[in-house]
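**Student:** This is the structure alone, sequence omitted:
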């Protein structure tokens, strides 16, 4: 991983994620994130949209399955991963270069939406899990705005 370009992009899915299986049996999901930066023009006192970046992303194996089940067109997402550049030749024999993002982490943005998270246990998953137990009721996972309740904490992970 040393020397790799890792980036984070926030934007909206342009279409439903497409999942397929490779000949070796691995799941891969492809999706495109559209990210439009906004800047504030002090002279006109207005927000202005810059050019939209359309970034093709791929997620592999379990992440691919989770993305395909959980996200849909229009969902605002946060994607972190490795940038890859590849060159290919199109049907006309012209060389083309594309930049793609191999997604390592994908999640819905909670800036303008709510999300319900359900933990799926995987045997032999690298890194383990953050919590030792999964809460059984919505009250245990969602804190009140007044701060009356808070999410359960693992004794080994106090955050």
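**Tutor:** Arrived safely. Just so it is clear, the model here is predicted, and its values are computed rather than measured.

**Student:** okay, CA-based contacts and neighbour counts for the rest of this
**Tutor:** OK.

**Student:** Now do the contacts for the residue nearest the centre of the chain.
**Tutor:** In the chain, the centroid-proximal residue (CA atoms, centre = their mean) is residue 106; its distance is 2.0 Å. Applying CA atoms under 8 Å, 6 or more residues apart in numbering to residue 106 gives the contacts 63, 67, 77-80.

**Student:** again, only using 10 Å
**Tutor:** Neighbouring residues of residue 106 by CA atoms under 10 Å, 6 or more residues apart in numbering: 8-10, 59, 63-64, 66-67, 71, 77-81.

**Student:** next one: residue 108
**Tutor:** Contacts here follow CA under 10 Å, 6+ apart; on that basis residue 108 touches 10-12, 67, 70-71, 75-79, 114-115.

**Student:** Can you report how many residues lie near residue 37?
**Tutor:** For residue 37, the neighbour count with other CA atoms under 10 Å is 13.

**Student:** pLDDT at it, what is it?
**Tutor:** Residue 37 carries a pLDDT value of 91.

**Student:** gap between the closest residue to it other than its chain neighbours and residue 120?
**Tutor:** Of all residues not flanking residue 37 in the chain, residue 50 sits nearest, at 5.5 Å (CA to CA, 6 or more residues apart in numbering). Going from residue 50 to residue 120 by CA to CA, to the nearest Å gives 39 Å.

**Student:** Can you pull the poorly scored residue ranges out of the chain?
**Tutor:** When residues are selected by pLDDT under 70, those of the chain lie in 1-2, 122-159.

**Student:** swap the cut-off to 80 and go again
**Tutor:** Of all residues in the chain, those with pLDDT under 80 make up the ranges 1-4, 120-159.
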